[in-house]
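Asker: All I have is the shape, not the residue letters:
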């Protein structure tokens, strides 16, 4: 993840998927109808259009990977519409990608409280990793297991939690969390990321053969995956 308080390496970095069709794709400034409806429902009438305008600008900046600029814009939107879940979520993700860990954690937790949506809990866990709060990572993982989430979200949570355990040298528990099932021929992005961490854990356990098998499966489907070349070197031919 970024300029971390500890060794929080990019190979275990969580990149959370966007909710409900990625509002960051709305770079034209035309927010989806469900977003406008959500803001309108939760915002006093005189603040609605200014809040929507700031949200639209924040979406465009997020899409351009200008995360600090997006966060600044979205803080203004939040001041106008503090109960708009989309604003809180996108502010949290902007702060997360800008390495503003405390703000990211606060906003993503608020988003979850407002909506009951667990889709950003992997990012919550990852922010806690970056903040050096291992006990809270454990607690959030346990809470996610209780609340549940979509399959891809669960995979992302496993990536983060297994990486957290590996940070602590807990190789066997990390393998129990991340061990793959069948290495299918058409895996999604989240599954391939989980394979990557599984290969790293297998290497840490001294199981080079399993690590090589997983690495070969990744190379067939995601040959440009960040960190793959280093992993291939580690497992050998």
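Answerer: Perfect, thanks for sending it. Remember, predicted model here, so these are calculated numbers, not experimental data.
Asker: going forward, measure contacts between C-alpha atoms and count neighbours the same way
Answerer: Will do.
Asker: Could you point out the helix or strand that follows the longest helix along the chain?
Answerer: In the chain, taking DSSP state H as the definition, the longest helix is helix 45-63. Next along the chain after helix 45-63, taking DSSP states H and E as the criterion, comes helix 67-80.
Asker: any idea how far the helix or strand just after that following helix is from the chain center?
Answerer: Scanning forward in sequence from helix 67-80 by DSSP H and E, the next helix or strand is helix 85-97. How far helix 85-97 lies from its chain's middle: 11 Å, per Cα atoms, centre = their mean, to the nearest Å.
Asker: avg pLDDT for helix 85-97?
Answerer: The pLDDT scores in helix 85-97 average 94.
Asker: quick check: angle from the helix or strand just after it to helix 85-97?
Answerer: Using DSSP H and E, the helix or strand that follows helix 85-97 in sequence is helix 101-115. Interaxial angle of helix 101-115 relative to helix 85-97 (axes from the mean of the first three to the mean of the last three Cα atoms, to 10 degrees): 160 degrees.
Asker: Which residue comes closest to residue 134 once chain neighbours are left out?
Answerer: residue 128 (7.1 Å; Cα to Cα, 6 or more residues apart in numbering).
Asker: gap between that neighbour and residue 45?
Answerer: 37 Å (Cα to Cα, to the nearest Å).
Asker: Look at the two and report which has more neighbours.
Answerer: Between residue 128 and residue 45, counted using other Cα atoms under 10 Å, the more crowded position is residue 128 (22 against 9).
Asker: Where does the nearest residue to residue 202 once chain neighbours are set aside sit, in terms of helix or strand?
Answerer: For residue 202, ignoring the flanking residues on the chain, the nearest one in space by Cα to Cα, 6+ apart is residue 211 at 5.2 Å. Taking DSSP H and E as the criterion, residue 211 maps to helix 208-221.
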